[in-house]
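> Pasted the sequence and its predicted model underneath.
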Amino acid sequence: MELSAKVLAVKPSVTLEIAAKAKAMKAQGIDVISLSAGEPDFDTPNFIKEAAIDALRKGQTKYTPVPGTVELRQAVCRKLKRDQGLDFTPDQIVVGCGAKHVIFNVLFALLNPGDEVIIPAPYWLSYPEMVTVLGGTNVLIPTDEKTSFKITPAMLEKALTARSKVLILNSPSNPTGAVYSKDELLALCAVLKNHPKVIVLSDEIYEKLIFDGGKHVSIASVDAEIAKRTVIVNGHSKAYAMTGWRLGYAAFPEKTLAKAVESIQSHSTSNPVSFTQAGGVAALDQGDAEAEKMRGVFQKRRDLFIDLLKAVPSFKPFKPAGAFYLFVDIQATGLSAFEVTKKLLEEAHVAVIPCEPFGSSHHIRMSYATSEKDIETAVQRMAALFNKK
């Protein structure tokens with residue numbers, strides 16, 4: 001059976017692949033500690049579950065409007081006003097089956113063959129794969145620790161061309177945990193003003209997970225001109241431990257683009273699951289206290305993890321300002337990221353993610369969305385493996 005050229009150009013998600021391999025090893029009775037997860041290890045708060053259960057009992061099991069229930073889109077509008085001071089109406093909101101689904105649909109609605117999508121590297125591995133399958137051209141901007149893995153105005157200016165269509169901005173970032181400040185975003189806006197055709201896709205899925213007293217700032221909230229061409233993407237997965245619920249959403253600066261994405265969705269998945277949307281309303285309206293509790297735990301784990309890794313001199317972690325990952329430089333091992341990952345899984349039974357697919361061949365990503373005990377044991381195993389004489 002012959003596959004399409006488009007699908008052959010797409011690489012499978014290495015994060016899901018490694019997570020599946022770790023689960024298979026566990027099923028065989030092997031004591032594997034997984035630091036590969038891209039999801040909180042907490043359960044969804046009970047009041048959110050109860051809202052969905054209540055919706056089921058009330059018979060809310062039918063189709064909803066394609067872009068989500070009016071109630072959920074109104075809750076998204078309230079959240080954006082409360083958190084970022086931004087005004088949207090429900091017809092500017094489209095809810096999809098997770099933020100990943102929404103990002104794909106937004107790019108689908110925007111890209112023509114050859115359109116350039118600017119992506120700061122390291123990046124979430126699905127961004128360039130989506131662009132590739134949709135016929136766009138990836139323009140990667142390499143960053144490093146000197147800029148705290150963030151792009152500068154000069155880097156952005158150099159990458160922009162007449163074919164530039166979209167800039168994808170992810171703050172806090174997966175995999176680095178880098179967070180853009182208001183001043184840094186304003187500086188990028190100054191560059192973007194000279195390129196009026198460029199649309200910003202602002203992926204803010206980790207916004208509730210920022211550490212050390214920092215605050216999330218959306219690029220749409222710092223400059224009125226740039227706000228008119230910024231699509232905000234967010235979701236329920238990371239903030240409220242709702243990964244399996246598959247709820248993500250986009251807020252559009254204009255209704256035309258929202259309707260285009262709705263049209264695409266109407267011919268693919270249709271609406272998100274009906275009763276999960278009731279839980280989504282509860283999460284957005286009442287979930288911030290729970291999100292803050294989880295954030296505090298993640299910060300504590302981050303600090304513990306970084307301190308413990310001093311026992312593995314060949315691993316040099318970047319201190320993240322947000323999300324729940326350590327982006328670890330492994331160049332001192334003399335091995336590639338894939339080689340380190342393979343060695344850790346097979347010899348130490350610790351699952352991590354190689355960052356070649358994220359745009360860096362000399363980093364691995366380790367999630368601290370796991371218990372302190374697992375973090376401690378994992379580091380002990382790493383030290384035993386990489387500190388051998």
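The structure has been received and is ready for your questions. Small disclaimer: the values here were computed from a predicted structure and weren't measured. Numbering: from 1, shown residues only.
> Could you pick out the longest helix of the protein?
Determined from DSSP state H, the single longest helix within the chain is helix 288-308.
> any idea which helix or strand comes after it?
Following helix 288-308 in sequence order, the next helix or strand is strand 316-318 (DSSP states H and E).
> starting at the chain centroid, how far to that next one?
20 Å (CA atoms, centre = their mean, to the nearest Å).
> Name every strand pairing with it and say which way it goes.
Using DSSP bridges, the strands paired with strand 316-318 are strand 325-329 (antiparallel).
> which residue ranges form the strands in the chain?
33-34, 93-96, 116-121, 137-142, 164-170, 199-203, 230-235, 248-251, 316-318, 325-329, 350-351, 353-354, 363-367 (DSSP state E).
> and the direction of the longest helix of the chain versus that of strand 325-329, what angle?
20 degrees (axes from the mean of the first three to the mean of the last three CA atoms, to 10 degrees).
> for helix 288-308, packing partners?
Helices and strands touching helix 288-308, by 3 or more CB pairs under 8 Å, 6 or more residues apart in numbering; DSSP states H and E, are strand 325-329, helix 372-386. Bear in mind the C-beta positions are built from the backbone N, C-alpha and C, glycine included.
> tell me the most buried of those?
strand 325-329 (a mean of 25; mean count of other CB atoms under 10 Å).
> any chance of the strands of the chain in CSV, plus mean pLDDT and distance to residue 148?
What follows is the strands of the chain, written out as CSV (pLDDT from 0 to 100; distance: least, CB to CB, whole Å):
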stretch, mean pLDDT, distance to residue 148
strand 33-34, 93, 27
strand 93-96, 98, 31
strand 116-121, 98, 11
strand 137-142, 98, 14
strand 164-170, 98, 14
strand 199-203, 98, 18
strand 230-235, 98, 22
strand 248-251, 98, 27
strand 316-318, 98, 8
strand 325-329, 98, 11
strand 350-351, 96, 27
strand 353-354, 94, 20
strand 363-367, 97, 14
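> and residue 374, which of the ones you listed is closest to it?
strand 33-34 (5.0 Å; CB to CB).
> Adjacent strands (with direction) for the closest one?
strand 350-351 (parallel).
> got the domain boundaries for the chain?
Following automatic domain parsing, the chain resolves into domains at 5-44+289-386, 60-286.
> Around residue 270, count how many other residues there are.
12 (other CB atoms under 10 Å).
> Contacts only, for it.
Going by CB atoms under 8 Å, 6 or more residues apart in numbering, residue 270 touches 63, 66.
> What residues of the longest helix of the chain count as buried?
288, 290-291, 294-295, 297-299, 301-302, 305-306, 308 (16 or more other CB atoms under 10 Å).
> ok, now stretch 105-125?
Buried, per 16+ other CB under 10 Å, within stretch 105-125: 105-111, 115-125.
> cool, and stretch 170-189?
Result for stretch 170-189 [16+ other CB under 10 Å]: buried residues 170-180, 184-189.
> you'd agree residue 229 is up against residue 253?
Yes - contact criterion CB atoms under 8 Å: residue 229 and residue 253 qualify, at 6.1 Å.
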